[in-house]
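S.K.: model this:
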Amino acid sequence: MRFPFPVLLATRDLVFINKPADLAVHPGPKTPRSLEDHLPALALGGFAPVAAHRLDRDTSGCLAVARSRRGAKWLSAAFATGSTEKIYWAILSALPAAPTGVVDAPLAKVSSAAAGWRMVMDKSGKPARTHWRVLGRVLDSDQHLVEFRPETGRTHQIRVHAAHIGCPIAGDPVYGDGAGPMRLHAKGLAITLPDGQRIAVSCDPPADWPISLGLESQ
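M.R.: Predicted coordinates for the structure are as follows:
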């Protein structure tokens, strides 16, 4: 069995991959096909590889996978203690009011039978803090490429915070207009292991992103 997606870095304990968009990390009622179907191809020995964190189905990019018990312990500790750095790129439907900024807004999950579930800003929710920086305007459009660096890892954090600054992520079906594919990409991931070793990987957005046309500096 051959692993079908790009491998960014691999050791005996860890693998970093570029997850494609439109693929859930874990199976569910609406996502029977998932990344888990392909993880056995990364196995070494008797340990079943496991994703150390998750990306939304429609989010592409850097994802860490443990391929040993030691690797799983390392990654679990890194994410639990905040010994990770994440960089996301997103195409936003509008230009933020400033070239840089920080959103510090707690998030909570709400659900209803009619609308399903979503995350909302709630002062009694879990802390969520995201830094953002405008990288440029997509040529021949009103869309903008923006870098996000989340300090916390709440569900849908970047998507909700982008909508909060008045600039939903292009194609976001929950917090935006849902027109076209969602343009959110995990551009970079760095993890500091218990022994102090720092591993960093990065990958480019999918080829169908309109930034291939170029960017106009702000």
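S.K.: Tell me the pLDDT of Asp208.
M.R.: At Asp208, the model reports a pLDDT of 91.
S.K.: ok, it to Ser60 distance?
M.R.: 10 Å (CB to CB, to the nearest Å). C-betas here are computed from N, CA, C, even on glycine.
S.K.: Please say which of the two ends up with more neighbours.
M.R.: The neighbour comparison of Asp208 against Ser60 (other CB atoms under 10 Å) goes to Ser60, with 27 against 10.
S.K.: bridging residues for the more buried one?
M.R.: According to DSSP bridges, the partner residues bridging Ser60 are His185.
S.K.: Make sure it is actually in contact with Asn18.
M.R.: Yes: counting by CB atoms under 8 Å, Ser60 does reach Asn18; the two are 7.1 Å apart.
S.K.: and Gln157, what does it touch?
M.R.: In this structure, Gln157 makes contact with Leu107, Met119, Ala128, Thr130, Pro150, judged by CB atoms under 8 Å, 6 or more residues apart in numbering.
S.K.: So which of these sits lowest on pLDDT?
M.R.: Lowest-confidence member of the contacts of Gln157: Met119, scoring 90 (pLDDT).
S.K.: Could you pull up the contacting residues of it?
M.R.: With CB under 8 Å, 6+ apart as the criterion, the residues that contact Met119 are Leu107, Ala108, Lys109, Val110, Arg154, Thr155, His156, Gln157, Arg159, Val160.
S.K.: Need the pLDDT of the fourth one.
M.R.: Val110 carries a pLDDT score of 91 in this model.
S.K.: Now do the SS call for it.
M.R.: At Val110, secondary structure determined by DSSP: H, G, I helix; E, B strand; the rest coil is strand.
S.K.: Would you state the strands of this structure in chain order?
M.R.: Along the chain, the segments classed as strands by DSSP state E run 7-10, 14-19, 50-51, 60-66, 84-92, 100-104, 107-112, 116-121, 129-138, 144-150, 184-192, 198-202, 215-216.
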